[in-house]
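below: sequence and its predicted model.
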Amino acid sequence: MDNTMELRSNIMGLPCEVLVDIFTRLSLKHVHQLQIVSKLWHRTISSPHFRRLYNMKSMNRPRSRLVKVSNFKYSDSWEMISRTITISIMDLAVDHNEIQEEFSFEDIIAPEHSFITSSNLIIFNHKVCNPTTKEIIDIPISSYPSVSFDVAYVPSNNTYKIVHLYGTKIGPDYNFNYGGSPVEFRFETLTLRDGGPIPNSWRALTHQEWFSYKADSTCVNGVIHWLVGIGGMMEKRVISMEIESEEFLCSIGCPNNPYIGEISIFENIHLADLNGKLCLSYYSEESSRMDLYFVKDWTNEEWVKEHTINLSGVGGWCKIMGYVQLQGNNGEIIIDSKLYNIKENRFRTLPRPKMTMHSGLYFDRCFKLESTKLSVQPSVDLLSN
């Protein structure tokens, strides 16, 4: 008993900067538990400084998020009236790690393609879900036909920014192919702050772009990149926006790849964040290969092919889902349900549940979508220190 009291006294007597360093190395689940130990620890963990520092450090500790769609419900007319979404996680640092179900939310009504997993948040039907805190909030409904929603995290001020890409002309589904003629597209943003409140309107940007369809998008180091097609399926460009300043950068054309045929090129070109660099991947089912290109010179629109991955037996659809940093310059690419180590040129297979809809990386972040009370209230005894 004396040893326990002495150990507790020593821990409570640690300098604040030492406590902060220790807390930022723990999982968010354990951090939340430590909030109720004492008033000092509660103040430390609740401070904006700690939350920003924790979120920046957590970006080096990615885990995998799996979003599964199940339990469809239909009306008598066979129209879908609701569905259940299940959030699961696994630790990518552990071989053969089991998938752990985190939570589910039911009675969600939205088209399947409206679900977007981006930068740790899930967006569907003008709702945003934070899987870490299990919060779901409504965001303002836009009056424009939506193309897509993209999300970026801004470490400098601990905010999320949602960018809504929309078309100014009513027509078919802009997520796929509008047609050969370019159409005007515009952008609007919504900023989510830690603890809220939620903005009641979108901020319209003056920037406009002309293209025929959007094929893919990703966020790299605070810059959102959109892969778009212009005047048909063969001409593609990458449009980029710096998320914090909301300034658009020079667009850049895509490299030509001889292994991709004209028919399959639309579905098999994707953008990805690979260790802080923008990657454009070409995947050919016919040749069972994936070529990875990186920008060498933005001004001259010059790309360089740095890697070719053999994907025999994978199938007709294959996309890079993220990058896991290992020691030194080593790392692994998440491709579908596999992890590929470029340096060692080897694969390892991840467990995968049935009916997986979205898969990607997520990071523990101290971030609340809106002001709410703690789910576990500290007791008087625990707050006495």
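That came through fine. Worth saying up front: this structure is predicted, and the values here are computed from it rather than measured. Numbering: from 1, shown residues only.

secondary structure element holding V18?
Following DSSP states H and E, one finds V18 within helix 16-23.

which residues are in contact with that helix?
With contacts defined as Cβ atoms under 8 Å, 6 or more residues apart in numbering, helix 16-23 is touched by L14, V31, L34, W41, T44, I45, H49, F50, L53, Y54. To be clear about C-beta, it is placed using only N, CA and C from the backbone, and glycine gets the same treatment.

from those, which ones fall inside strands?
Among the contacts of helix 16-23, DSSP state E puts none in strands.

would you mind checking those for buried ones?
The neighbour count (16 or more other Cβ atoms under 10 Å) marks V31, L34, W41, T44, I45, F50, L53, Y54 as buried among these.

residues in contact with the closest residue to the second one other than its chain neighbours?
To tie it back to what came earlier, the one meant is L34. Counting by Cβ to Cβ, 6 or more residues apart in numbering, L34 lies nearest to W41, which is 5.6 Å off, once chain neighbours are set aside. Contacts here follow Cβ under 8 Å, 6+ apart; on that basis W41 touches L19, L34, Q35.

show residues contacting stretch 192-201.
Applying Cβ under 8 Å, 6+ apart, the external contacts of stretch 192-201 come out as 48, 51, 128, 137-140, 158-162, 190-191, 366-371.

same thing but at 6 Å, please
Outside stretch 192-201, the residues within contact range by Cβ atoms under 6 Å, 6 or more residues apart in numbering are I137, P140, N158, T159, Y160, L190, F367, K368, E370, S371.

in these, find the pair that's most separated.
Farthest pair in the contacts of stretch 192-201 (Cβ to Cβ) is P140 and N158. Separation: 21.6 Å.

my read: K343 touches E332, true?
No: the pair K343 / E332 is not scored as a contact, 9.2 Å apart, by Cβ atoms under 6 Å.

buried subset of the contacts of stretch 192-201 as a ChimeraX selection?
To isolate the buried members of those in ChimeraX, using 16+ other Cβ under 10 Å:
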select :158,159,160,190,367,368
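
would you reformat the contacts of stretch 192-201 as CSV and include distance to D297, secondary structure and pLDDT?
Putting these into CSV (distance: Cβ to Cβ, whole Å; DSSP: H, G, I helix; E, B strand; the rest coil; pLDDT from 0 to 100) gives the following:
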residue, distance to D297, secondary structure, pLDDT
I137, 42, strand, 88
P140, 40, coil, 90
N158, 34, coil, 87
T159, 32, strand, 91
Y160, 32, strand, 93
L190, 34, strand, 94
F367, 37, coil, 87
K368, 42, coil, 87
E370, 44, coil, 80
S371, 47, coil, 62
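
show me which of the contacts of stretch 192-201 is closest to D216.
Y160 (20.5 Å).

got any ranges where the stretch 251-385 of the chain has weak pLDDT?
Counting by pLDDT under 70, the stretch 251-385 of the chain has low-confidence residues at 257-267, 313-316, 327-329, 352-358, 371-385.

which parts of the stretch 251-385 of the chain are strands?
Secondary structure of the stretch 251-385 of the chain by DSSP state E, counting those that start in this stretch: the strands cover 252-253, 269-274, 277-284, 289-297, 302-310, 320-325, 331-335, 338-341, 346-349, 356-362.

okay if I get those strands as CSV plus distance to T206 and mean neighbour count?
Listed next are the strands of the stretch 251-385 of the chain as CSV, based on distance: least, Cβ to Cβ, whole Å; neighbours: other Cβ atoms under 10 Å:
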stretch, distance to T206, mean neighbour count
strand 252-253, 22, 17
strand 269-274, 25, 21
strand 277-284, 25, 22
strand 289-297, 26, 17
strand 302-310, 30, 14
strand 320-325, 33, 20
strand 331-335, 37, 21
strand 338-341, 42, 18
strand 346-349, 46, 12
strand 356-362, 32, 18
